[in-house]
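> the sequence and its predicted three-dimensional model are supplied below.
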Amino acid sequence: MAVLTIELKSESLAKSTTVKVVLNQDAKPPYPTFYLLHGLSDNESIWTRRTSIERYAEQYPFLIVMPDGGRAWYCDSRLGHYETFITQELVTFIDKLFPTRKQAQYRAIGGLSMGGYGALKLGLKYPRIYGSISGHSSAVGFLHTWGLNGETDIPEVPLIASDLDPKANDIYELAMKCPADTRPHLYFDCGRDDFLYQENEAFARFLRKQKIPHTYRRFDGVHDWAYWDTHIQDALKFHAKAMGL
């Protein structure tokens, strides 16, 4: 496995930023891509530092792309245009730099906690870019409850929420609006003792009520790296199946 650290100047962010890439050297190009997002307190290096994703990915041909999303909730706000950076600028950059499979079917997005919200939001909002979505311990209540009602002590949340169009950033709204003929394959999971468990349960109930296809799994566990190290393996398997690999 090759692990690459890429420094690039982003026009969307108006600053230099860092992206970590994991590449299976034994895979034959063109590569399917998996954009993997971090949580609130981390950066682009966290998945390689706190999980065995390099080892888990050995059996798959993925190019795994891990950008630094700051603490901006993968939104376009005064904290930076991270939604535009990841969905437009970074995808274009990676597809130019590497021999990738450019159809949405072969491009996945996933993440944990804040990154789980980001993956769900961006995947449902841009189904012509991403063909499958995964989320672990996802902060699905961001904007739907936290941002609109002020039910959080995270200082960035009300600031970001005040900059956003709720209907364009709330995953409930996006799930409803996502066209059935282009809707990405959707997987998410959560630990039963995770403080975000009830939010994930509520989102799963909403999807079932609306008859929106998805896979939701509950496991023992809390909001920690032992849980995410275990269940990133489920995400890799899910995306490979969704891509027909």
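Sure, I can see it. Fair warning: this is a prediction, and the values are worked out from it, not measured in the lab.
> ok, now which ones touch Ala139?
Ser113, Met114, Gly116, Tyr117, Trp146, Leu196, Glu199 (CB atoms under 8 Å, 6 or more residues apart in numbering). C-betas here are computed from N, CA, C, even on glycine.
> export stretch 54-70 as CSV, just CAs?
Provided in CSV are the C-alpha atoms of stretch 54-70 (Å, rounded to 0.1, in the frame of the first residue of the first chain):
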residue,chain,number,x,y,z
GLU,A,54,-4.2,0.5,5.0
ARG,A,55,-4.4,-3.2,5.9
TYR,A,56,-8.2,-3.4,5.5
ALA,A,57,-8.0,-1.8,2.1
GLU,A,58,-5.5,-4.4,0.7
GLN,A,59,-8.3,-6.5,-0.7
TYR,A,60,-9.9,-3.7,-2.6
PRO,A,61,-8.8,-1.6,-5.6
PHE,A,62,-9.8,1.7,-4.0
LEU,A,63,-8.0,5.0,-4.2
ILE,A,64,-8.9,6.4,-0.7
VAL,A,65,-8.9,10.2,-0.5
MET,A,66,-8.9,11.9,2.9
PRO,A,67,-9.1,15.7,2.8
ASP,A,68,-8.7,18.1,5.7
GLY,A,69,-12.2,19.5,6.4
GLY,A,70,-11.3,21.7,9.3
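> if we can go back for a sec, of all the contacts of Ala139, which two lie farthest apart?
Gly116 and Trp146 (13.8 Å; CB to CB).
> higher neighbour count, the two?
Gly116 (29 against 21; other CB atoms under 10 Å).
> isn't that one right up against Val140?
Yes - assessed by CB atoms under 8 Å, Gly116 is found in contact with Val140 at 7.4 Å.
> what about the strands in the chain?
2-10, 15-23, 33-37, 63-67, 76-77, 80-81, 107-112, 132-136, 185-191, 215-219 (DSSP state E).
> need those strands in CSV (columns: distance to Trp47 and mean neighbour count).
Putting the strands of the chain into CSV (distance: least, CB to CB, whole Å; neighbours: other CB atoms under 10 Å) gives the following:
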stretch, distance to Trp47, mean neighbour count
strand 2-10, 10, 13
strand 15-23, 8, 18
strand 33-37, 6, 27
strand 63-67, 6, 27
strand 76-77, 24, 19
strand 80-81, 21, 20
strand 107-112, 9, 30
strand 132-136, 11, 30
strand 185-191, 16, 24
strand 215-219, 19, 15
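> shouldn't Lys28 be in contact with Leu63?
No - taking CB under 8 Å as the definition, Lys28 is not a contact partner of Leu63, at 12.0 Å.
> if we can go back for a sec, the contacts of Ala139 in helices, which ones?
Within the contacts of Ala139, residues falling in helices by DSSP state H are Met114, Gly116, Tyr117, Trp146, Glu199.
> wait, Tyr227 touches Phe219, no?
Yes - with contact defined as CB under 8 Å, Tyr227 reaches Phe219; the gap is 7.3 Å.
> which residues of this protein score low on pLDDT?
By pLDDT under 70, the weakly predicted segments of the chain are 144-153.
> now the angle between strand 63-67 and the helix ranked longest in the chain, please.
Longest helix in the chain, counting residues (DSSP H): helix 225-243. Orientation check (axes from the mean of the first three to the mean of the last three CA atoms, to 10 degrees): helix 225-243 against strand 63-67 gives 130 degrees.
> what's helix 225-243 packed up against?
helix 46-50, helix 53-56, strand 107-112, strand 132-136, strand 185-191, strand 215-219 (3 or more CB pairs under 8 Å, 6 or more residues apart in numbering; DSSP states H and E).
> go again using 6 Å as the cut-off
helix 53-56, strand 107-112, strand 132-136, strand 185-191 (3 or more CB pairs under 6 Å, 6 or more residues apart in numbering; DSSP states H and E).
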